[in-house]
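Asker: sequence first, then the predicted structure, then my questions.
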Amino acid sequence: MPPVSVELRWEVARDERFRDIVSKGTAGARPELAHSVRVEAGGLEPARWYWYRFMAGDAVSVPARTRTAPAPGASPDRLAFAFASCQQYEQGFYSAYRHMARESLDLVVFLGDYIYESSWGRQHVRKHATPEPRTLDDYRIRYAQYKGDPDLQQMHAAAPWLVTWDDHEVQNDYANDRGQDLDPAFLIRRAAAYQAYFEHMPLRAVAAPRRGESGRRD
(Lines give C-alpha, C1' and ligand atoms only; values in the text may rest on other atoms or scores of the structure.)
Protein backbone atom coordinates (compact mmCIF):
# COMPACT_ATOMS: atom_id res chain seq x y z
CA MET A 1 0.00 0.00 0.00
CA PRO A 2 1.26 3.53 -0.73
CA PRO A 3 1.80 5.74 2.35
CA VAL A 4 -1.47 7.66 1.96
CA SER A 5 -4.83 7.46 3.71
CA VAL A 6 -7.68 5.63 2.01
CA GLU A 7 -11.34 6.39 2.68
CA LEU A 8 -13.45 3.32 3.31
CA ARG A 9 -17.21 3.03 3.33
CA TRP A 10 -18.75 0.53 5.73
CA GLU A 11 -22.20 -0.99 6.14
CA VAL A 12 -23.90 -3.08 8.82
CA ALA A 13 -27.05 -5.00 7.86
CA ARG A 14 -29.55 -7.43 9.32
CA ASP A 15 -29.16 -9.75 6.33
CA GLU A 16 -26.28 -11.23 4.38
CA ARG A 17 -27.35 -9.58 1.12
CA PHE A 18 -27.41 -6.10 2.71
CA ARG A 19 -31.00 -5.38 1.78
CA ASP A 20 -31.73 -4.15 5.33
CA ILE A 21 -28.87 -1.81 6.22
CA VAL A 22 -29.09 -0.49 9.78
CA SER A 23 -25.87 1.51 10.02
CA LYS A 24 -23.27 2.89 7.62
CA GLY A 25 -20.53 5.46 7.42
CA THR A 26 -16.98 6.18 6.34
CA ALA A 27 -13.62 5.66 7.99
CA GLY A 28 -10.07 6.57 7.10
CA ALA A 29 -7.53 3.77 6.68
CA ARG A 30 -4.27 5.47 7.67
CA PRO A 31 -0.78 4.25 6.81
CA GLU A 32 0.49 4.83 10.36
CA LEU A 33 -1.92 2.05 11.44
CA ALA A 34 -1.04 -0.25 8.52
CA HIS A 35 -4.29 0.87 6.86
CA SER A 36 -6.32 -0.96 9.50
CA VAL A 37 -9.77 0.33 10.43
CA ARG A 38 -12.00 -0.24 13.44
CA VAL A 39 -15.67 0.76 13.44
CA GLU A 40 -17.83 0.95 16.57
CA ALA A 41 -21.38 0.99 15.23
CA GLY A 42 -24.05 2.11 17.69
CA GLY A 43 -27.79 1.56 17.92
CA LEU A 44 -27.72 -2.19 17.31
CA GLU A 45 -30.18 -4.59 18.91
CA PRO A 46 -28.87 -6.98 21.58
CA ALA A 47 -28.38 -10.71 21.02
CA ARG A 48 -28.73 -10.83 17.26
CA TRP A 49 -26.61 -11.45 14.21
CA TYR A 50 -25.47 -8.68 11.89
CA TRP A 51 -23.46 -8.69 8.69
CA TYR A 52 -20.86 -6.08 7.78
CA ARG A 53 -18.60 -5.16 4.87
CA PHE A 54 -16.14 -2.50 3.74
CA MET A 55 -15.79 -0.76 0.37
CA ALA A 56 -12.98 1.28 -1.19
CA GLY A 57 -13.40 2.51 -4.74
CA ASP A 58 -15.00 -0.36 -6.65
CA ALA A 59 -13.64 -3.01 -4.26
CA VAL A 60 -16.04 -4.68 -1.80
CA SER A 61 -14.92 -6.97 1.01
CA VAL A 62 -16.37 -10.41 1.52
CA PRO A 63 -19.33 -10.03 3.94
CA ALA A 64 -18.66 -11.13 7.49
CA ARG A 65 -20.99 -11.49 10.44
CA THR A 66 -20.92 -10.62 14.10
CA ARG A 67 -23.28 -11.04 17.03
CA THR A 68 -24.18 -8.46 19.63
CA ALA A 69 -24.06 -9.27 23.32
CA PRO A 70 -27.27 -10.06 25.25
CA ALA A 71 -29.02 -7.17 26.97
CA PRO A 72 -27.90 -6.46 30.55
CA GLY A 73 -29.65 -8.86 32.93
CA ALA A 74 -30.71 -11.25 30.16
CA SER A 75 -30.29 -15.01 30.55
CA PRO A 76 -29.84 -16.54 27.08
CA ASP A 77 -30.95 -20.13 26.58
CA ARG A 78 -27.82 -20.82 24.55
CA LEU A 79 -24.30 -19.44 24.26
CA ALA A 80 -21.93 -21.44 22.09
CA PHE A 81 -18.28 -20.46 22.06
CA ALA A 82 -14.90 -22.00 21.36
CA PHE A 83 -11.45 -21.04 22.50
CA ALA A 84 -8.18 -21.25 20.63
CA SER A 85 -4.53 -20.47 21.28
CA CYS A 86 -0.95 -21.18 20.26
CA GLN A 87 -1.41 -21.32 16.48
CA GLN A 88 2.21 -21.77 15.39
CA TYR A 89 1.97 -21.47 11.62
CA GLU A 90 4.82 -23.84 10.82
CA GLN A 91 3.71 -26.66 13.12
CA GLY A 92 0.26 -27.38 11.70
CA PHE A 93 -2.57 -26.39 9.41
CA TYR A 94 -5.66 -24.58 10.72
CA SER A 95 -8.26 -27.22 9.94
CA ALA A 96 -9.67 -26.76 13.48
CA TYR A 97 -11.01 -23.39 12.34
CA ARG A 98 -12.71 -25.05 9.38
CA HIS A 99 -14.52 -27.28 11.88
CA MET A 100 -15.33 -24.35 14.20
CA ALA A 101 -16.85 -22.38 11.32
CA ARG A 102 -19.46 -25.15 10.90
CA GLU A 103 -20.44 -25.08 14.58
CA SER A 104 -22.60 -21.91 14.49
CA LEU A 105 -20.62 -20.33 17.33
CA ASP A 106 -21.64 -17.10 19.03
CA LEU A 107 -18.08 -16.21 20.01
CA VAL A 108 -14.44 -17.22 19.67
CA VAL A 109 -12.16 -16.59 22.66
CA PHE A 110 -8.50 -16.44 21.67
CA LEU A 111 -6.14 -16.96 24.60
CA GLY A 112 -2.86 -15.82 23.10
CA ASP A 113 0.02 -16.68 20.76
CA TYR A 114 -1.87 -15.59 17.66
CA ILE A 115 1.49 -15.37 15.92
CA TYR A 116 4.82 -16.95 16.77
CA GLU A 117 7.93 -14.86 16.42
CA SER A 118 10.21 -17.87 16.66
CA SER A 119 10.72 -21.08 14.72
CA TRP A 120 11.79 -24.52 15.89
CA GLY A 121 11.79 -28.12 14.75
CA ARG A 122 12.51 -29.64 11.37
CA GLN A 123 9.26 -31.22 10.17
CA HIS A 124 7.40 -28.04 9.33
CA VAL A 125 4.20 -28.30 7.29
CA ARG A 126 4.84 -24.75 5.99
CA LYS A 127 7.40 -22.03 6.62
CA HIS A 128 7.51 -18.53 8.01
CA ALA A 129 8.27 -16.25 5.09
CA THR A 130 10.70 -14.02 7.00
CA PRO A 131 13.22 -14.28 9.86
CA GLU A 132 12.23 -13.60 13.47
CA PRO A 133 10.50 -10.19 13.65
CA ARG A 134 12.08 -7.31 15.54
CA THR A 135 10.74 -4.16 13.89
CA LEU A 136 7.21 -2.91 13.26
CA ASP A 137 7.44 -3.84 9.57
CA ASP A 138 8.65 -7.32 10.54
CA TYR A 139 5.69 -7.92 12.84
CA ARG A 140 3.26 -6.58 10.25
CA ILE A 141 4.59 -9.07 7.71
CA ARG A 142 4.21 -11.94 10.19
CA TYR A 143 0.56 -11.04 10.86
CA ALA A 144 -0.09 -10.72 7.14
CA GLN A 145 1.19 -14.25 6.57
CA TYR A 146 -0.90 -15.76 9.36
CA LYS A 147 -4.01 -13.87 8.31
CA GLY A 148 -3.59 -15.12 4.76
CA ASP A 149 -4.65 -18.60 5.89
CA PRO A 150 -8.13 -19.25 4.38
CA ASP A 151 -9.45 -21.27 7.34
CA LEU A 152 -8.45 -18.55 9.79
CA GLN A 153 -10.06 -15.95 7.54
CA GLN A 154 -13.27 -17.99 7.42
CA MET A 155 -13.50 -18.18 11.21
CA HIS A 156 -12.87 -14.46 11.62
CA ALA A 157 -15.75 -13.83 9.21
CA ALA A 158 -18.11 -16.25 10.98
CA ALA A 159 -18.31 -14.85 14.53
CA PRO A 160 -16.96 -12.13 16.82
CA TRP A 161 -13.65 -12.73 18.61
CA LEU A 162 -12.55 -11.83 22.13
CA VAL A 163 -8.75 -11.72 22.21
CA THR A 164 -5.78 -11.40 24.50
CA TRP A 165 -2.09 -12.04 23.94
CA ASP A 166 0.63 -14.24 25.39
CA ASP A 167 4.39 -14.11 25.04
CA HIS A 168 4.91 -15.09 21.39
CA GLU A 169 3.14 -12.00 20.09
CA VAL A 170 6.35 -10.30 21.24
CA GLN A 171 9.11 -12.79 22.19
CA ASN A 172 9.21 -16.19 23.85
CA ASP A 173 8.97 -15.92 27.65
CA TYR A 174 9.22 -12.13 27.77
CA ALA A 175 7.93 -10.58 30.99
CA ASN A 176 6.95 -6.94 31.34
CA ASP A 177 10.03 -4.95 30.22
CA ARG A 178 12.44 -7.92 30.05
CA GLY A 179 13.10 -9.95 26.95
CA GLN A 180 14.27 -13.54 26.92
CA ASP A 181 17.86 -12.55 26.17
CA LEU A 182 17.82 -9.34 28.28
CA ASP A 183 18.37 -7.15 25.23
CA PRO A 184 18.76 -3.53 26.47
CA ALA A 185 16.73 -2.34 23.45
CA PHE A 186 13.88 -4.76 24.17
CA LEU A 187 11.29 -2.04 24.89
CA ILE A 188 11.63 -0.78 21.33
CA ARG A 189 10.88 -4.26 20.04
CA ARG A 190 7.98 -4.66 22.47
CA ALA A 191 6.48 -1.37 21.30
CA ALA A 192 6.61 -2.55 17.69
CA ALA A 193 4.94 -5.86 18.61
CA TYR A 194 2.18 -4.16 20.61
CA GLN A 195 1.53 -1.74 17.75
CA ALA A 196 1.23 -4.55 15.20
CA TYR A 197 -1.05 -6.51 17.54
CA PHE A 198 -3.40 -3.55 17.85
CA GLU A 199 -3.44 -3.01 14.09
CA HIS A 200 -4.28 -6.59 13.19
CA MET A 201 -6.63 -7.75 15.94
CA PRO A 202 -10.34 -6.93 16.53
CA LEU A 203 -9.83 -4.34 19.27
CA ARG A 204 -11.63 -1.10 20.03
CA ALA A 205 -9.87 2.21 19.48
CA VAL A 206 -9.51 2.65 23.25
CA ALA A 207 -7.07 -0.29 23.23
CA ALA A 208 -4.48 1.62 21.20
CA PRO A 209 -1.01 1.50 22.79
CA ARG A 210 -0.23 4.65 24.76
CA ARG A 211 3.06 6.49 24.50
CA GLY A 212 4.65 6.75 27.94
CA GLU A 213 7.06 9.24 29.38
CA SER A 214 9.99 7.30 27.92
CA GLY A 215 8.58 7.73 24.42
CA ARG A 216 7.99 4.00 24.15
CA ARG A 217 4.57 2.48 23.71
CA ASP A 218 3.01 0.80 26.77
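Answerer: Happy to help now that I have it. Numbers count the residues shown, from 1 in each chain.
Asker: next one, pLDDT for Met1 please.
Answerer: Note for Met1: predicted pLDDT of 85.
Asker: that one: how many residues sit nearby?
Answerer: 8 (other Cβ atoms under 10 Å). To be clear about C-beta, it is placed using only N, CA and C from the backbone, and glycine gets the same treatment.
Asker: my guess is Gly92 contacts Val125, does it?
Answerer: Yes. Contact criterion Cβ atoms under 8 Å: Gly92 and Val125 qualify, at 6.1 Å.
Asker: which one's more surrounded, these two?
Answerer: Gly92 (13 against 9).
Asker: contact partners for the more buried one?
Answerer: Residues counted as contacts of Gly92 (Cβ atoms under 8 Å, 6 or more residues apart in numbering) are Val125.
Asker: any low-confidence regions in this structure?
Answerer: 212-218 (pLDDT under 70).
Asker: for Ala129, which residues are in contact?
Answerer: Counting by Cβ under 8 Å, 6+ apart, Ala129 touches 141, 145.
Asker: quick check: it is in a helix.
Answerer: No. Going by DSSP: H, G, I helix; E, B strand; the rest coil, the assignment for Ala129 is coil, not a helix.
Asker: relative to Arg102, how far out is it?
Answerer: From Ala129 across to Arg102, the span is 29 Å (Cβ to Cβ, to the nearest Å).
Asker: can you give me the strands for the protein?
Answerer: Residue ranges of the strands in the chain, as given by DSSP state E, are 6-13, 21-29, 49-56, 59-60, 64-67, 81-84, 107-110, 161-163.
Asker: among these, which is nearest Arg134?
Answerer: strand 161-163 (22.8 Å; Cβ to Cβ).
Asker: pull the residues that contact the closest one.
Answerer: Contacts for strand 161-163 (Cβ under 8 Å, 6+ apart): 107-110, 114, 201-203.
Asker: and the residues you listed, which are buried?
Answerer: Buried members of those, counted by 16 or more other Cβ atoms under 10 Å: 107-108, 110, 114, 201.
Asker: tell me which two of those sit farthest apart.
Answerer: Within the buried ones among the contacts of strand 161-163, Leu107 and Tyr114 form the most distant pair, 16.2 Å apart (Cβ to Cβ).
Asker: residues in contact with stretch 69-80?
Answerer: By Cβ under 8 Å, 6+ apart, stretch 69-80 touches 46-47, 103-107.
Asker: distance of Gly179 relative to Pro72?
Answerer: Separation of Gly179 from Pro72 (Cβ to Cβ): 42 Å.
Asker: ok, those two, which is more surrounded?
Answerer: Gly179 (18 against 6).
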